[in-house]
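> quick one: sequence and predicted model below, then my questions.
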Amino acid sequence: MIVVIPHACDTAQVGPEGDPTTPALSRADEVRESLARVSGTGTAARGDVRVTVAVGGRLTGVVIGAGAMTLSGAALAAEIMTATSLASLAAAREVHSVASRFYPDHEMWGELT
């Protein structure tokens, strides 16, 4: 699971009239909305197995084409696992893209790329 941690300097501010302005909270809402749309797709078995996952690895779709139906149960299971792993990696890359767009200077990004 990938967790996005706001930068330490992201704190709420007070505007000139005393009204609270919250650029950090606004940005956090944008990050949450962007992450909610993240998904990843992976394929295996020459395209006959396609898996889609949401952020956090939640499985949202599995398509098994006719060509994969000729595989043994064990082989089909292995292809589904391969497609799922690839989908998770694709979703993680998208999470990284979203997070680095909002927090480009975070020191952690160099470790993940």
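That came through fine.

> what about the chain, any weak spots by pLDDT?
For the chain, the stretches with pLDDT under 70 are 1-22, 24, 106-113.

> so which residues of it form helices?
According to DSSP state H, the chain carries its helices in the segments 23-36, 73-102, 109-112.

> which residues does V62 contact?
Residues near V62 by C-beta atoms under 8 Å, 6 or more residues apart in numbering: 49-52, 80. For the C-beta atoms, the positions are set from N, CA and C on the backbone; glycine is no exception.

> contacts only, for the closest residue to T41 other than its chain neighbours.
Spatial nearest neighbour of T41, excluding adjacent residues (C-beta to C-beta, 6 or more residues apart in numbering): T52 at 4.8 Å. T52 makes contact with 39-41, 59-62, 87, according to C-beta under 8 Å, 6+ apart.

> who wins for neighbours among the residues you listed?
Neighbour counts for those (other C-beta atoms under 10 Å) peak at A87, which has 26 neighbours.

> quick one, which of the helices of the chain is packed in tightest?
Each of the helices of the chain was scored by mean neighbour count; the highest is helix 73-102, a mean of 17, by mean count of other C-beta atoms under 10 Å.

> now G65: phi and psi?
phi -80, psi 170 (degrees, to the nearest 10).

> and the gap between it and A87?
According to C-beta to C-beta, to the nearest Å, G65 and A87 sit 16 Å apart.

> ditto for S97
Distance, S97 to A87, using C-beta to C-beta: 16 Å.
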